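> sequence plus the predicted model coming up.
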Amino acid sequence: MAAGKRVVVIGGGVGGLTAGALLAREGFEVTVLEAHVYPGGCAGTFYHKGYHFDAGATVAGGFQKGGPHQIAGALLGITWQVERIEPAWVIHLPDCAITRWGEEMRWREERAAKLPALRHFWRIQEQAAEAAWQFAARLPEYPPASLADLLRLATKIRPNLIPISPLALMSMGQLLNLLNVRDPNARAFIDAQLLISAQTTSRKANALYGAIAVDLPRVGVYHPRGGIGNIARQLAEALAAHGGRIIYRHAVTQIERRADKTFRLHTNKGNTFEADIVLANLTPWALADLLGEAAPPALQREVKTRPSTWGAFTLYLGLPSAAVPSHAEHFQIVQDLSQPLGEGNSVFISISSPHDLSRAPSGMRAVTLSTHTAIAPWWHLRQNDPEGYQERIAQYRDRLLDAAERVIPNVRSAAQLILPGTPAAFQRFTRRPLGMVGGFPFASLLNVRGPHTGIENLWLVGDSIFPGQSTAGVTAGALRVAAEVVRNAARRRLVQVAQISAPSAS
Ligand SMILES: Cc1cc2nc3c(=O)[nH]c(=O)nc-3n(C[C@H](O)[C@H](O)[C@H](O)COP(=O)(O)OP(=O)(O)OC[C@H]3O[C@@H](n4cnc5c(N)ncnc54)[C@H](O)[C@@H]3O)c2cc1C
C-alpha cells in the first residue's frame, strides 16, 4: 500500500459509506468502522418481530439522472434497487389534502385547483431548482475554505444561476411575501415540506435551498426495495467490491493524532486502527468528543455555541394491509395551522410498499411515523422525572396516532405492534449525541458548515456538512469530500516526487 493511502471512515451511514466506497475505487485502503450491526444510521432499516422498519428516513430522492445517488452509483458500478413511486406523497392540511404528483400535468392541475395562491411561485421555484440541481451536480467546493476552492467554485457557476441569485440572499418567507402569498394553506404547505428538508420553516429557510427542497417530488421520489437501509447495504457491497471493508460492532472511542500527523483510532473492542486520512461520519459534537483535548479551539467553540438541532420522535407500527390506504405510500399530516409545526403537529407517515413482501409478515405492512421534536425536554425528564418521561412518551404516541387517524382510520385497534422511538433511542442506535438528527437548519447559504475540521486529513462527512440532510444531501457532500481527498493526495505525491528528484544542495 502506497504511503498516505490508509483511510478509516468512522461510521457507516450513507455519507460515510459513499465517501469510503469512492475512495476505495480510487485505490485507497479503506476501512469503515461501524458501531452497529448493520449500516445506514438514520437511513437504516432495522428488524423487529418479523418487520423491517425504516428507522428514520423513508423518502428516497436523488436517483434521477444527475442526482447525487445516480452519480455515485454510476461511479461505483451500483445498479440501485429502487423504483420511482407516484404520487410522491399526500399532504393533509386540516381542511384539504394535496397530492404531490411527480407527473407534470397532474401536478399542474392539482396545484392550480388547491393552491392557486402559489401560481407565480412555481415558475420561480422550478427555474431556481433546475439551475441549483445542475450546479450541485458539478460538485461545488462549497463553502470555499481557501482561495483555490473559491477559484474552482467560480468555474462552476453558469449563466442560469444569475437570474435566480437574489434567492440566495433571502428567506423563503420573504419570497412568499414578495409574491403576496397570504393563503394559510399555501404557507402551511410550503412550511411542512421545508421542515422535513431544510429543518426550518419559510420564516428562516433560505429561498434558493428551499426551492430545491420542495422540488423533490418533481425530480422523483423512489422506493428502495427492502427498505431505505438497502441504499447503505448496496454501498457496503460496492465498498467491498472496490477492495474496502466495513467492520461492524466497532465503535470508535478516541481519535489520537500522532506526532507524524497520522491517526490512531481506538475502539470499544480494545482494537486500534492506523490511518493517514480519517473521514468522520459524525456530528461536530461527536467528533469533538472523540478528539477530547486534541479538538482544535474552533471545533471546541463550535460545539459550545452552536444551538442544538432537532430530535425525532418516531412510532413503528405493524398494520394489516387492509387497514392502510393504497393510493400513496407517504403522507404528511398537519393538524393545526395556528400552532408551530413539529411536536406531533406535523407528522410524516410512510407505509411499506404493497409489492415489497420482505418488509413485514404476510398480510401486514411496516409503517414509520415521525415528528420533529426539541431534544431538551426529553433529556430533562429522562434525567429528573422518570414518570414524567414515560408520560411524555405516551403523550407523543397519542399525538402521532391521532394524526395517523386522518389516513388510517382506527389505527389504534388495527395496529398489531406499536414501538416508540425517542431522542434517547436515536442516540443509542445512531450514536448521535443527544439524538440530534437531521443536520442544521438551512437558514443562510453564507453560513453553512463545510467538511473541514481544523485538523489536516480529518474530514467530516454526513448531514452536518453542506448540502446537509437527506440521503441525497449526504451523498452530494461525500462526493465533494472524496474528490478533495483524491486531489490532496495527488498534490502530496507531486510534492514528494519534486523533493525526491530535486538536486541536493551539496
Ligand atoms: C426521523 C427521521 C426522518 C428522516 N427522513 C428522511 C427522509 O425521508 N429522506 C431523507 O433523505 N432523509 C431523511 N432523514 C435524514 C437522513 O436520514 C439523514 O440526513 C442521513 O441518513 C444522515 O446520514 P449520515 O451520513 O450523516 O450518517 P448517520 O445516519 O448519522 O449515520 C452515522 C453512522 O455512524 C455510526 N457511528 C456513529 N458514531 C460512531 C462511532 N464512534 N464509531 C463507529 N460508528 C459510529 C452510526 O452507528 C451510524 O451508522 C431523516 C432523519 C430522521 C432522523
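Cool, got the structure.

> please count neighbours and contacts with C-alpha atoms only from this point.
OK.

> in a strand, Ile333, correct?
Yes: remark: Ile333 belongs to a strand, assigned using DSSP: H, G, I helix; E, B strand; the rest coil.

> please name the residues that touch it.
By Cα atoms under 8 Å, 6 or more residues apart in numbering, the residues touching Ile333 are 91-93, 345-349, 403-404, 406.

> same deal with Met436?
Residues counted as contacts of Met436 (Cα under 8 Å, 6+ apart) are 308-312, 375, 423, 426-427.

> looking at the residues you listed, spot the one nearest Thr253.
The closest of those to Thr253 turns out to be Gln427 (Cα to Cα; 15.0 Å).

> how is the closest one assigned, secondary-structure-wise?
Classification of Gln427 by three-state DSSP places it in helix.

> and the closest residue to it other than its chain neighbours, how many neighbours?
Distances taken as Cα to Cα, 6 or more residues apart in numbering place Gly435 nearest to Gln427, at 4.1 Å, with adjacent residues excluded. Neighbours of Gly435 under the rule other Cα atoms under 10 Å: 23.

> tell me the contacts of Gly435?
Remark: with contacts taken as Cα under 8 Å, 6+ apart, Gly435 is in contact with 311-312, 375, 423-428.

> pick out the most distant pair among the residues you listed.
Spatial extent of these (Cα to Cα) is set by the pair Ile375 and Arg428 at 14.1 Å.

> okay, those two: which has more neighbours?
Per other Cα under 10 Å, whichever of Ile375 and Arg428 has more neighbours is Ile375, with 21 against 14.

> now for the longest helix seen in the chain, which elements pack on it?
Longest helix of the chain, by residue count under DSSP state H: helix 471-501. Judged by 3 or more Cα pairs under 8 Å, 6 or more residues apart in numbering; DSSP states H and E, the packing partners of helix 471-501 are helix 14-25, helix 68-76.

> can the longest one be found next to the ligand?
Yes: taking Cα under 6 Å from any ligand atom as the criterion, helix 14-25 and the ligand are in contact, through 14-16.

> ditto for the last one
No: contact check for helix 68-76 against the ligand, using Cα under 6 Å from any ligand atom: none in range, with a minimum separation of 10.8 Å.

> paired strands for the next helix or strand after that helix, with orientation please.
Scanning forward in sequence from helix 68-76 by DSSP states H and E, the next helix or strand is strand 82-85. Sheet partners assigned to strand 82-85 using DSSP bridges are listed as strand 221-224 (antiparallel).

> just the C-alphas of the strand it pairs with, formatted as CSV.
Output of strand 221-224 as CSV, limited to C-alpha atoms (Å, rounded to 0.1, in the frame of the first residue of the first chain):
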residue,chain,number,x,y,z
VAL,A,221,-39.2,10.0,-5.1
TYR,A,222,-38.0,6.4,-5.0
HIS,A,223,-38.8,3.3,-3.1
PRO,A,224,-35.7,1.3,-2.2
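
> show me which of the residues of helix 14-25 next to the ligand is closest to the ligand.
Distance to the ligand across the residues of helix 14-25 next to the ligand (Cα to the nearest ligand atom) is lowest for Gly15, with 3.3 Å.

> near the ligand, which residues of this protein show up?
Within reach of the ligand by Cα under 6 Å from any ligand atom, the chain has these residues: 10-16, 33-36, 39-43, 56-60, 250-253, 281-282, 312, 370, 430-431, 437-438, 462-463, 469-472, 474.

> in helices, which of the residues you listed appear?
Residues of these located in helices (DSSP H): 14-16, 430, 471-472, 474.

> most widely separated two among those?
The span of those, defined through Cα to Cα, is set by Thr430 and Ala472 at 18.3 Å.

> between the two, who's got more neighbours?
Legend: neighbour count by other Cα under 10 Å for Thr430 and Ala472, higher for Thr430 (26 against 22).

> report the contact partners of that one.
Taking Cα under 8 Å, 6+ apart, one finds 36, 41-42 in contact with Thr430.

> 6 Å instead, please
Applying Cα atoms under 6 Å, 6 or more residues apart in numbering to Thr430 gives the contacts Gly41.

> and what of Gly363?
So Gly363 contacts 320-321 (Cα under 6 Å, 6+ apart).

> so how far is the ligand from it?
24 Å (Cα to the nearest ligand atom, to the nearest Å).

> from Pro320, how far off is that residue?
To Pro320, Gly363 is 6 Å away according to Cα to Cα, to the nearest Å.

> so when I look at Tyr209, I'm seeing a strand, right?
No: counting by three-state DSSP, Tyr209 falls outside a strand, being helix.

> relative to Ile277, how far out is it?
Per Cα to Cα, Tyr209 is found 31 Å from Ile277.

> do the same with Val497
Using Cα to Cα, we find Val497 at a distance of 20 Å from Ile277.

> those two: who's more crowded?
Ranked by neighbour count (other Cα under 10 Å), Val497 and Ile277 place Ile277 first, with 23 against 11.

> for that one, give me its contacts.
Counting by Cα under 6 Å, 6+ apart, Ile277 makes contact with 7, 457.

> quick one, phi psi at it?
Backbone torsions for Ile277, taken as degrees, to the nearest 10, come to phi -130, psi 140.

> doesn't Asn345 make contact with Arg399?
No: under the criterion of Cα atoms under 6 Å, Arg399 is not in contact with Asn345, lying 7.6 Å apart.

> what's the overlap in contacts for these two?
Common neighbours of Arg399 and Asn345 are not found (criterion: Cα under 6 Å, 6+ apart).

> how about the helix or strand of the chain with the lowest mean pLDDT: buried residues?
Among the helices and strands of the chain, helix 147-155 carries the lowest confidence by mean pLDDT, DSSP states H and E, at a mean of 82. The neighbour-count check on helix 147-155 (16 or more other Cα atoms under 10 Å) flags Leu153 as buried.

> just the buried residues of the helix or strand that it is followed by, please?
Note on helix 147-155: by DSSP H and E, the next helix or strand toward the C-terminus is helix 172-178. For helix 172-178, a neighbour-count test (16+ other Cα under 10 Å) marks 172-176 as buried.

> ok, residues contacting helix 172-178?
By Cα under 6 Å, 6+ apart, the residues outside helix 172-178 that reach it are 202-203, 205-207.

> among the residues you listed, give me the pair with the biggest separation.
Top of the distance list for the contacts of helix 172-178 (Cα to Cα): Arg203 and Ala207, 9.8 Å.

> neighbour count winner among those two?
Neighbour tally, Arg203 and Ala207, criterion other Cα under 10 Å: the higher count belongs to Ala207, 29 against 16.

> ok so, going back, buried subset of the contacts of Gly435 as a PyMOL selection?
Buried subset of the contacts of Gly435, written as a PyMOL selection, criterion 16+ other Cα under 10 Å:
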select buried, resi 311+312+375+423+424+425+426+427
